[in-house]
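**Student:** Got a sequence here, can you build the structure:
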Amino acid sequence: MVHKKIGDKVSASEPLCTIHCHSDQQAARAKTLLQESYQIADAAPAHKPSLVHRAIYKGEH
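**Tutor:** Prediction:
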């Protein structure tokens, strides 16, 4: 479950997401993928990609 989205302000103690898995191996893999996916910066990005739009419309728009 994602708690913070691109451009959201976060503090050091806030969780970015919660992982729900059936095994420790799945949880470890999910943790690795998530850690590689996030970038923490002092300022919000100038451009927020439309990931959901691309997934639904397969880049047609």
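**Student:** Quickly note the distance from Gln26 to Pro15.
**Tutor:** Distance from Gln26 to Pro15, counting by Cβ to Cβ, to the nearest Å: 18 Å. Backbone N, C-alpha and C define where each C-beta goes, glycine included.
**Student:** so who does Ala30 touch?
**Tutor:** For Ala30, the contact set (Cβ atoms under 8 Å, 6 or more residues apart in numbering) comprises Ile19, Cys21.
**Student:** what number of residues lie near the residue nearest to Ala44 when sequence neighbours are not counted?
**Tutor:** Once flanking residues are discounted, Ala44 sits nearest to Gly7: 4.0 Å by Cβ to Cβ, 6 or more residues apart in numbering. Number of residues near Gly7 (other Cβ atoms under 10 Å) recorded here: 11.
**Student:** ok, Gly7 to Ala43 distance?
**Tutor:** Distance of Gly7 to Ala43, given as Cβ to Cβ: 9 Å.
**Student:** Repeat that for Thr32.
**Tutor:** Thr32 is 26 Å from Ala43, by Cβ to Cβ.
**Student:** Look at those two and report which has more neighbours.
**Tutor:** Higher neighbour count among Thr32 and Ala43: Thr32, with 10 against 6, using other Cβ under 10 Å.
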